[in-house]
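S.K.: give me a 3D structure for the following:
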Amino acid sequence: AVEALNWGLNGEWGSPKNPWLVGAAMQPAIGFSWLPLNLYWYGGHFIAIAIGMLGVWLLARRLSGSTSLAWMALLTLNLSGIINFDIIPYNDNYLLVMLWPWMALFFHLAISRSANWWPAFALAAGLAMMAKYSTFAFVYFAALSTLFVPQIRRCYRQPQFYLAVAIWLALVLPNVFWLWNHDFAA
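M.R.: Just a heads-up that it's a prediction; the model follows:
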């Protein structure tokens, strides 16, 4: 909480440890002095996890076609360290737990249903990358799939894909410039 508060107070596009989203997530607590910091921090974690769990349920239902299996996927999260460790209040991975299921769902929808899902994927992927750099692994392989999988390669003929690229760049480039100006301190 102290790190996130410090990053939020600095208001920069990055920090020596994380990109800008962790600090940006603290901005409401900084801006509204009447809001108790502990309530915001704990409440924000649980709301973010709930949003992520909804994403897991929707992704599992979409992939399996079964509501029962979607509930099973959601409930088995309790057996993993993802839910048990990453929502601990001093762990900023809660943002990934919130964003990764939606990123995967939007990618799946963009390649299987409609190109209109590309901007949503870019938003989720850009925000997740600005929460933790580890998201780059998923985004890297998603980008590779657009080159090597013919059914996905059709995205290059869709204007929604280029809008998605612009959204993603708008979210990520400020951090890239920050890293450049700080000798890649992260």
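S.K.: contacts only, for the residue most central in space within the chain.
M.R.: Per CA atoms, centre = their mean, the C-alpha nearest to the average position across the chain is that of residue 128, at 2.5 Å. By CB atoms under 8 Å, 6 or more residues apart in numbering, residue 128 lies in contact with 95-96, 99-100, 103, 135, 138. Quick note: C-beta positions are derived from backbone N, CA and C, even for glycine.
S.K.: after the lengthiest helix in the chain, which helix or strand is next? Please name it.
M.R.: Counting residues, the longest helix in the chain under DSSP state H turns out to be helix 37-64. Next along the chain after helix 37-64, taking DSSP states H and E as the criterion, comes helix 67-76.
S.K.: quick check: buried residues in that following helix?
M.R.: Neighbour counts over helix 67-76 (16 or more other CB atoms under 10 Å) mark 70, 73-74 as buried.
S.K.: and that helix, what other elements does it pack with?
M.R.: helix 37-64 (3 or more CB pairs under 8 Å, 6 or more residues apart in numbering; DSSP states H and E).
S.K.: and the helix it packs on, what's its mean pLDDT?
M.R.: Across helix 37-64, the average pLDDT comes to 91.
S.K.: how about that helix: buried residues?
M.R.: Neighbour counts over helix 37-64 (16+ other CB under 10 Å) mark 40-41, 44-45, 48-49, 52-53, 55-61 as buried.
S.K.: what is the nearest of the contacts of residue 128 to residue 161?
M.R.: For these, the residue nearest residue 161 by CB to CB is residue 103; the value is 15.6 Å.
S.K.: check which element follows the least confident helix or strand in the chain by mean pLDDT along the chain.
M.R.: Least confident helix or strand, the chain: helix 81-86 with a mean of 60, by mean pLDDT, DSSP states H and E. Sequence order places helix 94-112 as the next helix or strand after helix 81-86, per DSSP H and E.
S.K.: show me what counts as buried in that following helix.
M.R.: Buried-residue list, helix 94-112, by 16+ other CB under 10 Å: 94-107, 109-111.
S.K.: then stretch 167-181?
M.R.: For stretch 167-181, by 16+ other CB under 10 Å, it's 167-168, 171-172, 174-175, 178-179.
S.K.: burial check on residue 78, number of neighbours?
M.R.: When neighbours are counted by other CB atoms under 10 Å, residue 78 registers 9.
S.K.: how close does it get to residue 101?
M.R.: According to CB to CB, to the nearest Å, residue 78 stands 15 Å off from residue 101.
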